[in-house]
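Peer 1: got a structure for you, letters missing:
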């Protein structure tokens with residue numbers, strides 16, 4: 001063999017060998033994505049009682065097959081994450097999701113925060129060019145705004161998927177960079193013209209402010225976790241979660257003392273602000289409700305659980321089984337917990353019950369336990385709900401006991417609830433998850449949002465006059 005022929009042969013061999021090795025590595029990585037998805041779906045079949053409820057068995061199984069095919073050709077970890085999250089979005093469940101709200105390794109981000117109003121996108125805060133604050137964005141590079149919002153909203157599922165949760169807004173830049181594109185500069189088509197803006201790089205001191213989950217900056221109120229106010233006309237109570245103690249305040253004690261003061265002073269109105277409350281302890285919500293209801297309630301009308309058997313992939317699960325088999329019976333084609341949980345015991349109205357008029361403010365973060373409280377209060381005639389439709393369901397959802405599934409190859413965690421909570425008896429049999437639709441719907445335009453006008457409170461206070 002001549003030297004030139006040998007060199008050509010060697011070059012060709014190395015070229016194709018390197019390509020083959022790259023393909024093998026890629027294939028191995030894709031096999032890992034498929035393995036992770038198998039761990040997740042197998043665990044959900046075994047532990048997630050709402051697996052077929054919303055979509056039906058045929059549609060879920062078809063989605064699983066399609067997702068396996070997509071993952072087998074996924075080119076990056078971010079693409080695999082998006083494919084899996086889009087599958088989870090189909091369950092219409094705020095509690096069933098990948099935990100992808102941390103560092104997604106974005107290196108180049110859009111240099112401004114955004115505000116989403118319905119299906120329109122606006123610049124909320126552009127530190128380098130404040131004159132563009134409030135500008136409507138029609139497109140980012142070649143991506144139409146509506147398509148961008150539709151593609152990113154699946155990363156934060158809500159019950160019923162009827163509305164978009166608040167958290168998608170502060171995380172917009174992180175999601176855009178991770179799941180759409182990163183560039184050195186972006187062409188932004190706005191109602192003030194087309195502008196080209198340089199990206200914000202990770203090395204920039206303001207990068208973390210732009211990329212992080214700063215959801216509290218979207219509050220139109222102050223940022224206190226708990227706020228209590230009493231006037232001769234009304235009492236006001238805001239809590240951002242149903243936690244026992246926050247920032248030195250014992251939340252339940254504060255609420256109890258508020259009700260005592262309202263009753264003593266005969267204050268005719270109570271305002272409960274749940275706009276930024278994403279949930280917490282359901283039993284605490286039941287105890288709070290006892291001071292407000294005029295008819296008996298149960299924290300849980302029904303608890304549907306899965307068959308009490310050991311899961312296949314227990315080594316990847318973080319899970320608790322408190323009283324898993326105790327009080328569980330088979331009913332038709334499913335299992336129910338009928339005893340052993342205090343949430344199944346009727347709660348009567350308290351002797352210290354507040355009997356005045358109640359206004360409940362809801363918003364784009366009202367979900368889980370906070371919508372449970374809304375459900376308990378729906379039975380009273382003198383309760384008015386003001387604000388926007390909740391991302392949390394008022395009829396049923398999966399939560400209470402939670403399962404975390406570590407996906408070993410992708411390196412992320414997925415979570416879902418292990419008990420189907422019915423707040424409306426029998427609702428999961430023939431209904432889709434439904435949010436609280438307010439009696440008085442309040443919408444914001446971009447000017448009102450940027451000025452942080454509190455239109456819900458304005459409406460209530462005007463009503464009280």
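Peer 2: It's in. These numbers were taken from a predicted model, which means no experiment stands behind them.
Peer 1: for the strand or helix carrying residue 175, give the mean pLDDT please.
Peer 2: Here residue 175, judged by DSSP states H and E, is contained in helix 172-179. Here the mean pLDDT over helix 172-179 is 96, rounded to a whole number.
Peer 1: helices or strands next to it in the packing?
Peer 2: Under the contact definition 3 or more CB pairs under 8 Å, 6 or more residues apart in numbering; DSSP states H and E, helix 172-179 sits against helix 77-89, strand 108-109, strand 113-117, helix 145-152, helix 207-211. Placement of C-beta: from N, CA and C, glycine included.
Peer 1: for the closest residue to residue 87 other than its chain neighbours, what are its contacts?
Peer 2: Using CB to CB, 6 or more residues apart in numbering and skipping residues adjacent in sequence, the residue nearest residue 87 is residue 67, 4.7 Å away. Listed by CB atoms under 8 Å, 6 or more residues apart in numbering, the contact partners of residue 67 are 37, 83-84, 87.
Peer 1: what subset of those is buried?
Peer 2: Using 16 or more other CB atoms under 10 Å as the burial test, the contacts of residue 67 include 37, 83-84, 87 as buried.
Peer 1: burial of residue 457, as a residue count?
Peer 2: For residue 457, the number of neighbouring residues by other CB atoms under 10 Å comes to 18.
Peer 1: is it in a helix, a strand, or coil?
Peer 2: When classified by DSSP: H, G, I helix; E, B strand; the rest coil, residue 457 comes out as helix.
Peer 1: how far is the helix holding residue 175 from where the chain is centred?
Peer 2: Averaging C-alpha positions (CA atoms, centre = their mean, to the nearest Å) puts helix 172-179 16 Å from its chain's average.
Peer 1: again with stretch 386-394
Peer 2: Here the centre of mass of C-alpha atoms in stretch 386-394, compared against the chain's by CA atoms, centre = their mean, lies 13 Å away.
Peer 1: hmm, back to that, quick check, nearest of the buried ones among the contacts of residue 67 to residue 371?
Peer 2: Distance to residue 371, by CB to CB, is smallest for residue 87 among these, at 24.4 Å.
Peer 1: contacting residues for the closest one?
Peer 2: Contacts of residue 87 were listed using CB under 8 Å, 6+ apart, and they are 37, 63-64, 67.
Peer 1: any chance of the backbone angles for residue 162?
Peer 2: Main-chain torsions, residue 162, degrees, to the nearest 10: phi -80, psi -30.
Peer 1: who's the closest residue to it other than its chain neighbours bridged to?
Peer 2: With sequence-adjacent residues excluded and distances taken as CB to CB, 6+ apart, residue 162 is closest to residue 435, at 5.8 Å. Following DSSP bridges, residue 435 is listed with bridge partners residue 393.
Peer 1: check which helix or strand covers the residue nearest to residue 87.
Peer 2: Assignment of secondary structure by DSSP H and E places residue 67 within helix 57-71.
Peer 1: before we move on, back to that, which of the contacts of residue 87 sit farthest apart?
Peer 2: Every pair in these was compared (CB to CB); the two farthest apart turn out to be 37 and 63, at 11.1 Å.
Peer 1: which residue ranges form the helices in the chain?
Peer 2: Using DSSP state H, the helices found in the chain span residues 3-47, 57-71, 77-89, 145-152, 172-179, 207-211, 251-265, 282-289, 369-377, 427-430, 446-450, 455-464.
Peer 1: which elements pack onto the fourth one?
Peer 2: By that I understand helix 145-152. Contact here means 3+ CB pairs under 8 Å, 6+ apart; on that basis helix 145-152 packs against strand 120-125, strand 136-140, helix 172-179.
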